[in-house]
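Trainee: Task: produce atomic coordinates for the following.
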Amino acid sequence: MEFRKRWMGLLLAAALGISCLAGCSQPAAGTTDAAGTNESTAAVANDAAGADESTAAATSAAAEGEGMFTPGTYEGEGKGNNGPIKVSVTFTADSIEKVEIVEHGESAGISDAAIERIPQAIVENQSLAVDTVSAATNSSKGIIEAVSACVTAAGADPQALMQKTQDTKEATERDENCGILVIGAGGAGLTAALSAIQSGAGDVVVIEKQAMFAGASSVAGGLAGGCSKLQRSFGITEDTPEQIFADLMKGGQANQEDLVRLWAGEMGPTLDWLIENGVPIESQFSNFPEHTYQRSFMVTGGSGEMLKVLAEDVKAAGGRIDMETKATALLTEDGAVTGAVAEDAQGNTVRYHAEKVVLATGGFGANTDMLSEDLSVALFYGVASSTGEGILMAQEAGAELCFMDYAKMYPTGIQVEENYARVATVHTALTTQTSGAILVNREGERVLNENLDFVSIKNATKEQTDHLLFLVMDQNAYDIWSQSANDSPSPSGRFTFEEQEAWFEADGVPIFTRSEDIVEAAKAAGIDGEALKATVAEWNQMVKDGKDSRFGREELTALEEGGAWYIIEEKLRFATTLGGVTINTGFEVLNGEGNAIPGLYAAGECVGGAHGYESMPTCMLSWAVTSGKLAGAAVAEVVK
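Mentor: Below you'll find the model as predicted:
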């Protein structure tokens with residue numbers, strides 16, 4: 001029963017992961033498959049050299065009546081953020097008539113604007129030189145690459161469509177005034193805005209740099225809500241704010257105590273408040289061992305649905321949300337923050353003058369320049385918008401930063417490109433729990449009980465050579481892993497059979513090796529083969545003896561010798577960071593002397609200290625919405 005609960009929790013967690021991978025269907029009848037015909041359309045999408053000559057040639061051909069394209073409908077593929085994007089493009093002799101997304105696995109919410117806008121822009125402008133969507137750049141480029149492949153298949157040169165129309169409209173500058181300016185429309189920002197309005201504040205404006213509500217909160221798996229009405233409705237009545245506080249302090253080890261005590265008391269009421277405001281939270285998420293009691297829940301439809309509901313609530317209550325408006329600096333006067341400078345989607349400069357500013361700009365995991373050496377050993381798998389500019393703007397205004405060396409790090413990452421990972425958590429856990437699969441280091445040695453909690457596996461991984469472990473499997477174990485990976489409902493954890501096979505055939509990233517000879521499989525993965533052979537023999541003997549005398553693993557299954565061996569990398573990964581500005585319990589941002597910077601408040605992931613060194617499962621989103629709600633109410637008290 002305990003295993004079933006644990007597995008279902010992992011499956012639910014995976015179903016609400018961060019990124020996604022799509023397989024590709026065969027082309028529909030009457031279409032031509034252009035996948036693979038484009039030699040380097042990604043480069044084409046970023047390099048318009050020679051476009052003038054190509055355009056001239058195409059124009060000449062059209063003038064002679066030849067037409068630019070071979071009419072018809074074609075299908076092509078491009079590389080999205082998390083896997084292939086397949087499009088269908090219909091051409092007349094001289095125009096792109098229609099672009100449709102046939103199949104993709106991009107993350108809902110994050111890629112929505114790109115999926116909608118890029119095809120429209122290509123048709124409207126009859127050009128591939130269209131602007132990518134902020135924070136959905138890879139999705140945008142994947143669509144352009146796929147359409148480029150179709151252009152090639154239709155007999156035209158994509159370069160001919162790479163000349164961008166010059167925008168002759170000059171950028172403008174303007175000033176706007178508001179009572180409260182919230183920078184960032186994620187979980188913290190939207191709750192801050194709604195809470196401020198409900199607490200009596202007027203003239204609340206939210207600015208968001210992206211075209212969609214797609215920060216880290218949009219892809220969080222679940223949120224903690226101890227001592228909520230919802231928790232009690234499941235018969236869990238023993239939980240207390242004191243126990244929540246103790247769990248959080250134990251998990252983080254060095255948390256800012258006054259913030260944690262405030263959070264522990266408001267976590268449950270905040271979850272109830274979200275429900276009262278229409279956020280669909282009904283189901284338990286998982287019973288994570290870090291929590292003394294089950295207090296984790298999930299938003300029906302994913303946490304991105306929560307942001308949509310909150311955004312509508314803010315607007316219905318009289319607030320305003322300016323999308324695609326990126327803050328570039330804080331306005332200051334005599335040491336006080338008085339607003340922010342921003343750039344809108346048209347490149348215009350907007351100076352927002354506000355009585356108070358709430359910083360809710362998220363973390364910095366996607367900004368390699370801000371990552372410490374400790375974080376550089378892990379792969380990022382979070383959202384592209386986590387670039388940390390809000391933290392840097394606050395630092396420019398005098399804010400003291402803390403915990404900037406820390407992130408919520410996990411094991412079981414599969415590197416899919418430079419500095420970027422996807423997630424094998426569910427597949428690996430299922431495999432080690434139901435087969436004889438073991439984890440080893442480069443020296444070919446087991447280093448822990450493979451079925452411990454994530455933090456223990458992460459800490460063990462950090463201590464190994466090159467900061468990685470390897471999952472060693474026989475045929476039975478690999479069949480379990482492979483099927484789970486292929487069938488995963490998780491956007492972040494789906495690895496198709498075709499993709500797995502390609503990685504085994506490749507020699508590089510990620511490390512996937514197989515062989516009938518375990519020593520050869522180990523050698524290909526960079527592992528001491530003879531040591532691994534001895535480790536497997538030792539494991540099988542312990543299974544026969546009925547006891548893991550090394551690490552106490554209870555799930556004992558022998559590895560079958562004489563068949564194929566499979567070895568897959570398991571690297572460190574992170575999506576959210578734990579450092580940021582220092583605040584007090586009034587959510588005022590503090591300077592180096594510990595004094596509040598007048599006019600500046602902060603909430604969510606851009607705040608350091610609440611989590612300490614380690615964020616517990618489902619606590620990142622809980623902190624975002626709880627701190628946002630409390631910050632909004634605090635600001636409202638001083639401006640209304």
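Trainee: ok, the closest residue to residue 532 other than its chain neighbours - contacts?
Mentor: The spatial neighbour of residue 532 that comes closest, neighbours along the chain excluded (CB to CB, 6 or more residues apart in numbering), is residue 444 at 3.6 Å. Bear in mind the C-beta positions are built from the backbone N, C-alpha and C, glycine included. By CB atoms under 8 Å, 6 or more residues apart in numbering, the contact set of residue 444 is 522, 527-535.
Trainee: Tell me which two in those residues are the farthest apart.
Mentor: In these, two members sit farther apart than any others by CB to CB. They are 527 and 534, at 12.1 Å.
Trainee: So which of these two has more stuff around it?
Mentor: residue 527 (24 against 13; other CB atoms under 10 Å).
Trainee: would you say the more buried one is within a helix?
Mentor: No - secondary structure of residue 527 (DSSP: H, G, I helix; E, B strand; the rest coil): coil, not part of a helix.
Trainee: residues contacting it?
Mentor: 440-444, 470, 567.
Trainee: These in strands, which ones?
Mentor: If you go by DSSP state E, the contacts of residue 527 have 440, 470, 567 in strands.
Trainee: Quick check: the second one touching residue 567?
Mentor: Yes - contact status for residue 470 versus residue 567: in contact at 5.2 Å, counting by CB atoms under 8 Å.
Trainee: which residues sit in contact with the residue most central in space within the chain?
Mentor: The residue lying closest to the centre of the chain (CA atoms, centre = their mean) is residue 382, at 2.8 Å. Taking CB under 8 Å, 6+ apart, we find residue 382 in contact with 18, 216, 219, 363, 365-366, 574-576.
Trainee: and of the residues you listed, the nearest to residue 94?
Mentor: Distances from residue 94 to the contacts of residue 382, taken by CB to CB, are shortest for residue 366, at 41.0 Å.
Trainee: who touches the nearest residue to the closest one once chain neighbours are set aside in this structure?
Mentor: Among residues not flanking residue 366 along the chain, residue 386 sits closest, at 4.5 Å (CB to CB, 6+ apart). Going by CB under 8 Å, 6+ apart, residue 386 touches 215-216, 362-367, 575-577, 605.
Trainee: can you rerun that using 6 Å?
Mentor: Contacts for residue 386 (CB atoms under 6 Å, 6 or more residues apart in numbering) come out as 216, 362-363, 365-366.
Trainee: Next: residue 357.
Mentor: Listed by CB under 6 Å, 6+ apart, the contact set of residue 357 reads 181, 337, 600.
Trainee: gap between the residue nearest to the first one when sequence neighbours are not counted and residue 200?
Mentor: Read it as residue 181. Nearest non-adjacent residue to residue 181, counting by CB to CB, 6+ apart: residue 354, 3.8 Å away. Distance, residue 354 to residue 200, by CB to CB, to the nearest Å: 16 Å.
Trainee: and the two? which has more neighbours close in?
Mentor: residue 354 (25 against 11).
Trainee: So the more buried one belongs to a strand, correct?
Mentor: Yes - the assignment for residue 354 is a strand, going by three-state DSSP.
Trainee: pLDDT at it, what is it?
Mentor: You'll see residue 354 listed with a pLDDT of 98.
Trainee: Give the bridge partners for it, please.
Mentor: residue 178 (DSSP bridges).
Trainee: What residues does it make contact with?
Mentor: Residue 354 makes contacts with 178, 181, 339, as judged by CB under 6 Å, 6+ apart.
Trainee: would TSV of these with neighbour count and distance to residue 232 be doable?
Mentor: Formatted as TSV, the entries for those read as follows, by neighbours: other CB atoms under 10 Å; distance: CB to CB, whole Å:
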residue	neighbour count	distance to residue 232
178	22	39
181	32	37
339	25	43
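Trainee: Out of those, flag the one nearest to residue 611.
Mentor: Of all the contacts of residue 354, the one with the least separation from residue 611 (CB to CB) is residue 181, at 26.0 Å.
Trainee: surely the closest one meets residue 352?
Mentor: Yes - the criterion here is CB atoms under 6 Å, and residue 181 meets it with residue 352 at 5.0 Å.
Trainee: returning to what we had before: where's the residue nearest to residue 181 relative to residue 630, distance?
Mentor: Separation of residue 354 from residue 630 (CB to CB): 19 Å.
Trainee: Tabulate the contacts of residue 386 in TSV, adding columns for secondary structure, neighbour count and distance to residue 261.
Mentor: Output for these, formatted as TSV (DSSP: H, G, I helix; E, B strand; the rest coil; neighbours: other CB atoms under 10 Å; distance: CB to CB, whole Å):
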residue	secondary structure	neighbour count	distance to residue 261
216	helix	27	24
362	coil	31	24
363	coil	32	23
365	coil	27	27
366	coil	22	32
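Trainee: got the phi/psi numbers for residue 630?
Mentor: phi -70, psi -40 (degrees, to the nearest 10).
Trainee: Could you list the domains of this structure?
Mentor: As assigned by automatic domain parsing, the chain contains the domains 2-16+408-574, 32-161, 177-363+390-404+578-639.
Trainee: out of those, which comes closest to residue 378?
Mentor: Across those, residue 378 has its closest neighbour in domain 2-16+408-574 (3.8 Å, CB to CB).
Trainee: For residue 70, give its distance to residue 272.
Mentor: From residue 70 across to residue 272, the span is 61 Å (CB to CB).
Trainee: Looking at the two, which is more packed in?
Mentor: residue 272 (16 against 13).
Trainee: how about stretch 360-376: buried residues?
Mentor: Neighbour counts using 16 or more other CB atoms under 10 Å place 360-367, 370-371, 375 of stretch 360-376 among the buried residues.
Trainee: avg pLDDT for that stretch?
Mentor: So the average pLDDT for stretch 360-376 ends up being 92.
Trainee: cool, and stretch 119-130?
Mentor: 94.
Trainee: ok, now stretch 558-565?
Mentor: On average, stretch 558-565 scores 94.
Trainee: same question, stretch 487-500
Mentor: 82.
Trainee: what's the answer for stretch 630-640, then?
Mentor: For stretch 630-640, the per-residue pLDDT averages 95.
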